[in-house]
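**Q** Requesting a structural model of the entry that follows:
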Amino acid sequence: MKEILDAQGRQWQETFVRNPDMFGALPSDPARIAAEMFEREGKTLILELGGGQGRDTIFFARNGFHVKVLDYSESAVGAITDKAHNLGLSGYITARQHDVRVALPFKDESMDGCYSHMLYCMALTTSELEFLSREVRRVLRPKGLHIYTVRHTKDPHFGKGIHRGEDMYEVGGFVVHFFSREKVERLAEGFEILSVDEFEEGELPRKLFRVTLRKK
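**A** Predicted structure coming up:
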């Protein structure tokens, strides 16, 4: 099982190389909502997990946020760095390759907020997600915001394809970890849950939660 989940990194790396604008250039709706909340609360230094090809990263930087973005894919990190340079945003964006299954490369209480769009529903086990959530809490400053999105168990793909353990299913070569509300609550230890909002995205459409947490 570990080999199957580990192989997802190569899958995403190859996909990004083949399709450098897989998700388009426009920012996601969750990024727009997160930016409004970060700005309202004066959060300026943001950690983005799983930046992909940088559509949300660029959006945050264009709106004056300083973004430390991590991604497992070297090609994704290269694409974000190149886009930041070409757009004159290098002073706002620092991108690096990192596996979120190991400790985040930042000091305690060094970030104002953390954002991720569907990183939590990648091929990560519940125990790995618990570790990641503890790491996010560690690097956030007091009252820091943690906003993430995940596909949930009412999604049309839940229960389809190849079962890869827990609530993970492989469809079209990609493993997705689907969330219940109970899992959201389980991963919120040390945080106050501000909201769990349902929304849809894409043509399927994918059904997601947008989870907004505050460090206690």
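
**Q** Strands along the chain, start to end?
**A** Using DSSP state E, the strands of the chain run over 45-49, 66-71, 93-97, 111-117, 140-151, 162-163, 168-171, 174-177, 191-201, 206-215.

**Q** For Ser127, find the nearest of those strands.
**A** strand 174-177 (11.9 Å; Cβ to Cβ). Every C-beta, even on glycine, is put in place using the N, C-alpha and C of the backbone.

**Q** The closest one pairs with which strands, and in what direction?
**A** Strand 174-177 pairs in its sheet with strand 168-171 (antiparallel), by DSSP bridges.

**Q** And the strand it pairs with, what's buried?
**A** For strand 168-171, a neighbour-count test (16 or more other Cβ atoms under 10 Å) marks 168-170 as buried.

**Q** just to revisit the earlier point, what's the most buried one of the strands of the chain?
**A** Greatest average neighbour count among these goes to strand 111-117 (a mean of 26), per mean count of other Cβ atoms under 10 Å.

**Q** That one versus strand 66-71: what angle between them?
**A** Strand 111-117 and strand 66-71 are oriented at 40 degrees to each other (axes from the mean of the first three to the mean of the last three Cα atoms, to 10 degrees).

**Q** Show me what strand 111-117 is packed up against.
**A** Strand 111-117 sits against helix 29-40, strand 45-49, helix 55-62, helix 126-139, strand 140-151, with contacts defined as 3 or more Cβ pairs under 8 Å, 6 or more residues apart in numbering; DSSP states H and E.

**Q** That strand pairs with which strands, parallel or anti?
**A** Going by DSSP bridges, the partners of strand 111-117 are strand 45-49 (parallel), strand 140-151 (parallel).

**Q** What lies in contact with that strand?
**A** With Cβ atoms under 8 Å, 6 or more residues apart in numbering as the test, strand 111-117 has contacts from 28, 30-31, 34, 38, 42-50, 52, 56, 60, 68, 136, 139-141, 144-149.

**Q** Mind doing that once more with 6 Å?
**A** 28, 30, 34, 38, 43-50, 136, 139-140, 144-149 (Cβ atoms under 6 Å, 6 or more residues apart in numbering).

**Q** now do stretch 121-138
**A** For stretch 121-138, the external contacting residues (Cβ under 6 Å, 6+ apart) are 5, 8, 100-101, 104, 108, 114, 146, 150-151, 166, 175-177, 187, 190, 215.

**Q** Extract the CA atoms of it and return them as PDB.
**A** The C-alpha trace of stretch 121-138 is given here as PDB (Å, rounded to 0.1, in the frame of the first residue of the first chain):
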ATOM      1  CA  CYS A 121      -7.500  14.900   0.000                       C
ATOM      2  CA  MET A 122      -4.400  13.600  -1.700                       C
ATOM      3  CA  ALA A 123      -2.900  10.100  -1.000                       C
ATOM      4  CA  LEU A 124      -2.300  10.700   2.600                       C
ATOM      5  CA  THR A 125      -3.400   8.400   5.400                       C
ATOM      6  CA  THR A 126      -5.300   9.700   8.400                       C
ATOM      7  CA  SER A 127      -2.300   9.300  10.600                       C
ATOM      8  CA  GLU A 128      -0.200  11.400   8.100                       C
ATOM      9  CA  LEU A 129      -2.900  14.000   8.000                       C
ATOM     10  CA  GLU A 130      -3.000  14.200  11.800                       C
ATOM     11  CA  PHE A 131       0.800  14.700  11.800                       C
ATOM     12  CA  LEU A 132       0.400  17.400   9.100                       C
ATOM     13  CA  SER A 133      -2.300  19.200  11.100                       C
ATOM     14  CA  ARG A 134      -0.100  19.300  14.100                       C
ATOM     15  CA  GLU A 135       2.700  20.700  12.000                       C
ATOM     16  CA  VAL A 136       0.400  23.400  10.600                       C
ATOM     17  CA  ARG A 137      -0.600  24.300  14.200                       C
ATOM     18  CA  ARG A 138       3.000  24.400  15.200                       C
END
